[in-house]
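Asks: what's the 3D shape of this:
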Amino acid sequence: MKLTQFYIKSEIKNNEVVFYNTLNEAVLILDAAAVQQFEDNIDILNLKEFSEIKNALIENEFLLDDDIDEEVNYMKALLNQHKEFNHLSVHILPTTACNFNCVYCYQSGIDRHHFLSQDKINDIISYLENHIKKHPEIHSATYILHGGEPTVNWKVVPNILQRLDEMSQLYKIKYRTQIVTNGYLLTPEKSELLSKYNWQRLQVTIDGPKDIHNSRRLMGSGKDSYSSIINNLKYIQDNKLIDKISIRLNFDQSNFGDIVEYLPTLKNIFGTKGIILSLGYISDTYGNTEAENYISENILKDEKMIAAYCSLYKKALELGFEMPDLFMLEGMCTA
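Replies: Numbering: from 1, shown residues only. Purely as a prediction, here's the structure:
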């Protein structure tokens with residue numbers, strides 16, 4: 001037998017090692033000495049004292065028969081999934097511009113002068129229609145408004161949503177709408193419009209109490225953004241315009257403690273029903289950008305980051321918030 005090539009393991013801690021299967025997301029906590037022994041000689045697992053470990057490794061697909069070609073099987077599964085994939089996911093950026101100047105902005109350095117025009121909207125719809133005609137197996141779709149800040153060029157959004165809705169109905173595609181926004185300009189009118197187009201997900205970032213949030217998620221005008229965001233979210237929640245609101249809490253060395261103390265306040269404002277929290281780890285960005293200096297001075301690394309994340313996660317669970325099951329170090333921003 002052999003170990004899968006899809007496993008990774010943690011460093012030894014308390015004489016234990018965490019095994020993680022990246023293919024099926026299985027997790028095992030194993031004795032470090034035993035791990036060292038069977039990694040050096042896989043046949044040792046046939047000994048009686050290793051039977052329990054061996055069974056766990058087989059059951060969770062860490063241990064495989066020698067004749068299994070993982071690369072061939074993986075590529076077959078990937079190609080089959082690609083062929084059978086019947087869902088269309090489309091990110092639409094009304095603009096790359098933004099009304100915020102966040103100190104850690106992942107999009108720092110991109111061209112902020114792109115605004116979606118009516119001609120471009122026509123091109124997008126035409127492209128999507130041609131794609132759907134070539135792929136009649138598509139029967140569901142997700143349309144995601146992203147940016148920059150999508151509400152900055154809102155004048156094009158009603159037309160985009162209407163065109164996407166008409167196209168989806170024409171080709172009998174069941175769709176849902178999402179938006180990733182800073183929330184400042186997400187007025188009741190805009191939210192009411194979104195709710196007419198199968199609005200399924202909203203993500204807004206709040207970086208702690210009012211003064212902390214305003215000092216990190218800066219508006220170009222220097223205004224308070226926190227109060228408007230809270231009011232806009234409360235309108236959405238009170239009027240049941242969407243089932244769940246995703247609130248992202250970006251944390252680093254400068255605001256970690258403030259977020260821990262802020263979580264009960266967040267619960268008092270929104271409760272926990274219909275609120276999903278996600279913890280945004282502020283990580284390295286491109287060099288030679290405005291955000292680089294801030295991040296290099298405030299980034300939490302290694303054990304400090306793990307401790308901060310775990311304490312925030314634990315506090316959120318204790319308060320009753322819904323949290324993601326897995327920690328994911330996310331990839332490049334969509335933009």
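Asks: can I assume residue 122 sits in a helix?
Replies: Yes - applying DSSP: H, G, I helix; E, B strand; the rest coil, one finds residue 122 inside a helix.
Asks: for residue 279, grab phi and psi.
Replies: Residue 279 adopts backbone torsions of phi -100, psi 120, taken as degrees, to the nearest 10.
Asks: that should have said residue 117, apologies.
Replies: Per-residue torsions, residue 117: phi -100, psi 170 (degrees, to the nearest 10).
Asks: what's the local residue count around the residue nearest to it when sequence neighbours are not counted?
Replies: Nearest residue to residue 117 in three dimensions, chain neighbours excluded: residue 156, at 7.7 Å (C-beta to C-beta, 6 or more residues apart in numbering). All C-beta atoms are positioned from the backbone trio N, CA, C, and that covers glycine. The burial count assigned to residue 156 is 18, neighbours taken as other C-beta atoms under 10 Å.
Asks: okay, helices next: where are they in the stretch 51-200 of the chain?
Replies: With helices called from DSSP state H, counting those that start in this stretch, the stretch 51-200 of the chain shows them at 51-59, 70-84, 118-134, 157-170, 188-195.
Asks: any idea of the mean pLDDT in the second one?
Replies: When you say that, I think you mean helix 70-84. The predicted model assigns helix 70-84 a mean pLDDT of 90.
Asks: next one: the longest one
Replies: Confidence over helix 118-134 (mean pLDDT, whole number) is 95.
Asks: run the angle between it and helix 157-170 for me.
Replies: Relative orientation of helix 118-134 and helix 157-170, computed by axes from the mean of the first three to the mean of the last three C-alpha atoms, to 10 degrees: 20 degrees.
Asks: and helix 118-134, what does it pack onto?
Replies: Other elements packing on helix 118-134 under the criterion 3 or more C-beta pairs under 8 Å, 6 or more residues apart in numbering; DSSP states H and E are strand 87-92, helix 157-170.
Asks: so can I have a markdown table of the ones you listed showing distance to residue 129 and mean neighbour count?
Replies: Output for these, formatted as a markdown table (distance: least, C-beta to C-beta, whole Å; neighbours: other C-beta atoms under 10 Å):
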| stretch | distance to residue 129 | mean neighbour count |
| --- | --- | --- |
| strand 87-92 | 11 | 15 |
| helix 157-170 | 6 | 16 |
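Asks: thanks a lot, see you next time.
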